[in-house]
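1. This is the structure alone, sequence omitted:
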């Protein structure tokens, strides 16, 4: 092995993890890979697997005067176990599986969708944690599911339980918002978004308003967003504009469409960790998807990202 390559490898080998990143949640491993098969090639690629954005920002530009180039390993979305862990870039709604479904007390099943937002009821005199998903997920023949069910793990133990109790909804159509709100039930798996729980749950940096998105996307300017859904797992697309329709009153439009059945209620988040909106429906022929905008869907549900008691 050439002396310089050995020196570089040993420099990484001896690194204290605290000098590489400040937070370790979601890091599944660090590995080195030679850039080519040439034995004299000194270039190495460092893979830091599945880091959250806040972790990536803390990575150094160089170590012991050795330049560091960080390259995120692409994840094949066909591997369901990666999606189930929800330990990738930006979104970690509940431990394990992101899928949620509507059920009644007699175990009658409704639809299946994706948890969109973990938040708080906005009344400081009645502050409680709540979950938001798409209203059409929990509706069947005009009735709405009593409970929101989640199948996942807590401290490594498999648990399938009714994590939320029905509070309210806004139907799609008639200028509704296609969102539903469930109150977290005590004793169930802990709500979690991007590594923080309980009083720190509002780890999203904020929300986009309909008017703000309208201004941002005017003149054919698009906004890059990431999507998380239980069927699609993770994808990147563009918010291309806004509209006001009878189906969703305050609507964000996305293209190309990256969503599919089972993703309903899943979140779109921008590169600054702002909630752009959630997913409601897609147009397969026109390669577009749509859903309510972030701040307006919270307003409709009397919800906010942070605990009102702490404000």
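-> Nice, thanks for sending it over. Not measured: the values here are computed from a predicted model. Numbering: from 1, shown residues only.
2. C-alpha only now, for contacts and for neighbours.
-> Noted.
3. residues touching the nearest residue to residue 263 once chain neighbours are set aside, list them.
-> In space, and not counting its chain neighbours, residue 263 is closest to residue 229: 4.4 Å by CA to CA, 6 or more residues apart in numbering. Taking CA atoms under 8 Å, 6 or more residues apart in numbering, we find residue 229 in contact with 98, 114, 259, 262, 263, 264, 265, 266, 267.
4. cool, residue 277 as well?
-> Residue 277 neighbours (CA under 8 Å, 6+ apart): 208, 252, 267, 268, 269, 291, 292, 293, 294, 295, 297.
5. Just grab the bridge partners of it for me.
-> residue 268, residue 293 (DSSP bridges).
6. okay, it: pLDDT?
-> Each residue has a pLDDT score; the one for residue 277 is 94.
7. circling back to that earlier point, can you name the two of the contacts of residue 277 that are farthest apart?
-> Maximum pairwise distance in the contacts of residue 277, criterion CA to CA, is 14.1 Å, between 269 and 297.
8. What is the neighbour count of residue 109?
-> Using other CA atoms under 10 Å, residue 109 has 17 other residues around it.
9. where in the stretch 101-250 of the chain is pLDDT low?
-> Scanning the stretch 101-250 of the chain for pLDDT under 70 picks out 151-159, 189-203.
10. mind redoing it with 90?
-> Within the stretch 101-250 of the chain, the ranges that satisfy pLDDT under 90 run 101-119, 129, 139-143, 148-164, 173-175, 185-206, 219-220, 226-236, 245-247.
11. Check the secondary structure at the residue lying closest to residue 218 once chain neighbours are set aside for me.
-> In space, residue 218 comes closest to residue 241 once its chain neighbours are excluded; the distance is 7.1 Å by CA to CA, 6+ apart. At residue 241 the chain is in strand, as set by DSSP: H, G, I helix; E, B strand; the rest coil.
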